[in-house]
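S.K.: Sharing a sequence plus its predicted fold:
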Amino acid sequence: MRYRGVEYTGAGVKVAIIDSGVDVSDPRLEGVKVEGWSIQLGATNHALVAPDFSDQNGHGTEIAAAVHRVAPDAEFVVIKIMGERLRTSAELMAAGIEMAASNGCTVINLSLGTPNMGKALLLRECCAAAVEKGSVVLAAAHPKGERAYPADLPETVGVAAHPDCPLEKFFFFSPKRFPRKEWGVLSDKFLSHGYGLLTDGSPGRYRGSGMATAYLSGAAACLAQALPNADANALITGLKRRAQLPVPELGYS
């Protein structure tokens, strides 16, 4: 990413991918430094951490590839909180955010969210603590503009897709759109959807607010490299300065 006349690649910056895990053998991630864990909730609602973060669905790998496309030298900390069905909970999201911040991640990517307002305070406390440690939390907004957390929290950067992207409540698998009754293993609570780009530039599996979050996380990593002494709020200000102002008559960029 070009910033003030210099190209930055996210070198030396840790990006947390809180998702379904990552397939480290994916050719798009060749040479990337990756570490990570999986988190599950035990019977007593305590977080159980394991070293396996293999991707059973593919979504987390697509997100990581999108971040890598923008910030090719960033390091990844993978925190797996979802399995094949892409089901998770606000408690697991909160645990993932806390773990990411505690492991020195400057950028925390959540290409997912929950509409449960009752969990907003829990997520806000974790996001606020992450910001205090210097992390920027980026989260996917609801595809139809409805509430979603942590995207709608003041401590996070909520990311919505460009209006040219379809906003219907569908998961997309090109070239066909699958309505809710045909979602199969996908969870109806999984909000962010979309396609990325494959290595040859052709459309990938996902697009939408989730993928937009990944690309912006890559930009945030490059900005963190360019501004090594900036705190979370300064990085957010830098991202805003690079963005175009929303114009309702023309759509949002």
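M.R.: Received, thanks.

S.K.: tell me the mean pLDDT for stretch 103-122?
M.R.: Regarding stretch 103-122, the rounded mean pLDDT is 94.

S.K.: Can you check the distance spanned by that stretch, start to finish?
M.R.: 20 Å (C-alpha to C-alpha, to the nearest Å).

S.K.: from the middle of its chain, how far away would stretch 23-41 be?
M.R.: Its chain's C-alpha centre and that of stretch 23-41 lie 14 Å apart, by C-alpha atoms, centre = their mean, to the nearest Å.

S.K.: Do me a favour and get the end-to-end distance for it?
M.R.: Its start and end residues considered, stretch 23-41 measures 23 Å (C-alpha to C-alpha).

S.K.: Give the buried residues for that stretch.
M.R.: Across stretch 23-41, burial judged by 16 or more other C-beta atoms under 10 Å covers Asp23, Val24, Asp26, Arg28, Leu29, Val32, Gly36, Trp37, Ser38, Ile39. C-beta here means a position set from N, CA and C on the backbone, and glycine is covered the same way.

S.K.: what mean pLDDT would you report for that stretch?
M.R.: On average, the pLDDT along stretch 23-41 is 95.

S.K.: Can you give the contact residues for that stretch?
M.R.: 17, 21-22, 47-55, 58, 61, 64-65, 68-69, 74-81, 89, 91-92, 95-96, 99, 198-199 (C-beta atoms under 8 Å, 6 or more residues apart in numbering).

S.K.: The longest helix seen in the chain: which residues count as buried?
M.R.: Assignment by DSSP state H gives helix 209-226 as the longest helix of the chain. By neighbour count with 16+ other C-beta under 10 Å, helix 209-226 contains the buried residues 209-226.

S.K.: do the same with stretch 47-65
M.R.: Using 16+ other C-beta under 10 Å as the test for burial, stretch 47-65 gives 47, 53-65.

S.K.: what do you get for stretch 3-23?
M.R.: By 16+ other C-beta under 10 Å, the buried positions in stretch 3-23 come out as 8-10, 13-23.

S.K.: Confidence-wise, which helix or strand of the protein is lowest on average?
M.R.: strand 171-173 (a mean of 34; mean pLDDT, DSSP states H and E).

S.K.: Would you map the helices across the protein?
M.R.: 59-70, 90-102, 120-132, 209-226, 232-242.

S.K.: out of the ones you listed, nearest to Tyr149?
M.R.: Closest approach to Tyr149 among the helices of the chain is made by helix 120-132 (4.8 Å; C-beta to C-beta).

S.K.: quick one: the closest one to chain centroid distance?
M.R.: Relative to the centre of its chain, helix 120-132 is centred 16 Å away, using C-alpha atoms, centre = their mean.

S.K.: contacts for it?
M.R.: The contact list for helix 120-132 (C-beta under 8 Å, 6+ apart) reads 90-91, 93-94, 97-98, 100-101, 108, 114, 137, 149-150, 152-153, 155-156, 232-233.

S.K.: Recalculate using a threshold of 6 Å.
M.R.: Under the criterion C-beta atoms under 6 Å, 6 or more residues apart in numbering, residues Ala90, Ala94, Ile97, Glu98, Ala101, Val137, Tyr149, Pro150, Leu153, Glu155, Thr156, Ala232 lie in contact with helix 120-132.
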